[in-house]
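# pasting the sequence and the predicted model now:
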Amino acid sequence: MKHTLFVMTALLSVAALAAGPAPKDVYEETVELCNEWAKDDGIPATEVKAYVEKCVQQDLEDMGYTLENPADATDALALKKGDE
């Protein structure tokens, strides 16, 4: 939980500088956080992908990034899935 709070603080501190699509590392961190939240919220396995996609989009937009290329978010999801 402390790690999650630290990462969120770090990501939010970048928000002031954010413009355009998020860098790959920001996507990956956001995907990781959203996956953790899905587990914490008890999201059924059949709904995790949709939950994470919506979470990533919302969080990146909240940080000021745009989703000019939504495939980047999907790529980050695929990277995360491959790490499991």
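Done, it's in. Numbering: from 1, shown residues only.

# and residue 28, what's its pLDDT?
If you check residue 28, the pLDDT there is 90.

# quick check: it vs residue 44, distance?
Residue 28 is 24 Å from residue 44, where distance means Cβ to Cβ, to the nearest Å. To be clear about C-beta, it is placed using only N, CA and C from the backbone, and glycine gets the same treatment.

# neighbour count winner among the two?
residue 28 (18 against 8; other Cβ atoms under 10 Å).

# please report phi then psi for the more buried one.
Phi and psi for residue 28, reported as degrees, to the nearest 10, are phi -60, psi -40.

# going forward can the numbers begin at 59, since that is how I track them
In the new count, where the first residue is 59, that last one comes out as residue 86.

# how close does it sit to residue 80?
10 Å.

# ok, now residue 120?
11 Å.

# between the two, who's got more neighbours?
residue 80 (27 against 12).

# pLDDT score for the more buried one?
Taking residue 80 on its own, its pLDDT is 87.

# so it makes contact with residue 88?
Yes: with contacts counted by Cβ atoms under 8 Å, residue 80 reaches residue 88, the gap being 7.4 Å.

# which residues are in contact with both of those two?
Counting by Cβ atoms under 8 Å, 6 or more residues apart in numbering, the residues touching both residue 80 and residue 88 are residue 118.

# tell me where the model's unsure across the chain.
59-77, 126-142 (pLDDT under 70).

# ranges for the helices of it?
All helices of the chain, identified by DSSP state H, fall at 60-72, 82-98, 106-120, 129-141.

# buried set for the second one?
This means helix 82-98. 84, 85, 86, 87, 88, 89, 90, 91, 92, 93, 96 (16 or more other Cβ atoms under 10 Å).

# would you list those in CSV and tack on distance to residue 107?
Output for these, formatted as CSV (distance: Cβ to Cβ, whole Å):
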residue, distance to residue 107
84, 20
85, 15
86, 16
87, 18
88, 15
89, 11
90, 15
91, 15
92, 11
93, 10
96, 9
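
# many thanks, we can stop here.
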